[in-house]
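build me a structure from this.
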Amino acid sequence: MAEQSLRATALAWERSPQFCAAEFLTVRQEVEKARFAVNAAGQRKVGGEEICVYVTTYSVAALKLVEWAESNVRGCSIPVQIVEQLKQAHSGTEKAKE
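Below is the predicted model of the structure:
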């Protein structure tokens, strides 16, 4: 009986690949939208305060992606190396904000 309970719990942690992909794409699209806004602002040569708003928005979106990946390592079978790469990329964004 306890073994069945453990299996049910383990299955609850695992998500379908379709669910994981859909959720990932939603979060990733937010990051891409923010990145394109930063690039467009740079091309328009906006002032420092305005570009800071765009970079901050991008940073928040990128952090959401990192947090999503961290919380879904097990359920969506995300390799830990991917999470580390996302963290490094986000760290670079944070440094650029300074």
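
I'd like to know how many residues surround residue 59.
Neighbour count for residue 59, taken as other C-beta atoms under 10 Å: 18. Any C-beta I mention is one placed from the backbone N, CA and C, and that applies to glycine too.

isn't it right next to residue 89, touching?
No - contact criterion C-beta atoms under 8 Å: residue 59 and residue 89 do not qualify, at 10.6 Å.

what strand or helix carries residue 91?
helix 80-97 (DSSP states H and E).

distance from the chain centre to that helix, please.
When distances are taken as C-alpha atoms, centre = their mean, to the nearest Å, helix 80-97 is centred 10 Å away from the chain's centroid.

got a list of contacts for that helix?
Residues from elsewhere that reach helix 80-97, judged by C-beta atoms under 8 Å, 6 or more residues apart in numbering: 52, 55-56, 58-59, 62-63, 65-66, 69-70, 73.

of the residues you listed, which belong to helices?
52, 55-56, 58-59, 62-63, 65-66, 69-70 (DSSP state H).

next, give phi and psi for residue 75.
phi -70, psi -30 (degrees, to the nearest 10).

gap between it and residue 25?
Distance, residue 75 to residue 25, using C-beta to C-beta, to the nearest Å: 16 Å.

equivalent analysis for residue 84, please.
Using C-beta to C-beta, residue 84 is found at 21 Å from residue 25.

over to residue 92?
If you go by C-beta to C-beta, the gap between residue 92 and residue 25 works out to 23 Å.

same check, this time on residue 86
Residue 86 is 15 Å from residue 25, by C-beta to C-beta.

between those two, which is the more surrounded one?
For residue 86 versus residue 25, neighbours defined as other C-beta under 10 Å are more numerous around residue 86 (20 against 11).

buried among the contacts of helix 80-97? Make that a ChimeraX selection.
Per 16 or more other C-beta atoms under 10 Å, the buried members of the contacts of helix 80-97 correspond to this ChimeraX selection:
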select :55,58,59,62,63,65,66,69
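
quick one: the contacts of helix 80-97 as JSON lines, columns for pLDDT and distance to residue 96 too.
JSON lines is the format used below for these (pLDDT from 0 to 100; distance: C-beta to C-beta, whole Å):
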{"residue": "52", "pLDDT": "92", "distance to residue 96": "10"}
{"residue": "55", "pLDDT": "94", "distance to residue 96": "6"}
{"residue": "56", "pLDDT": "94", "distance to residue 96": "11"}
{"residue": "58", "pLDDT": "95", "distance to residue 96": "9"}
{"residue": "59", "pLDDT": "95", "distance to residue 96": "9"}
{"residue": "62", "pLDDT": "95", "distance to residue 96": "11"}
{"residue": "63", "pLDDT": "96", "distance to residue 96": "14"}
{"residue": "65", "pLDDT": "96", "distance to residue 96": "17"}
{"residue": "66", "pLDDT": "96", "distance to residue 96": "16"}
{"residue": "69", "pLDDT": "94", "distance to residue 96": "21"}
{"residue": "70", "pLDDT": "94", "distance to residue 96": "22"}
{"residue": "73", "pLDDT": "91", "distance to residue 96": "26"}
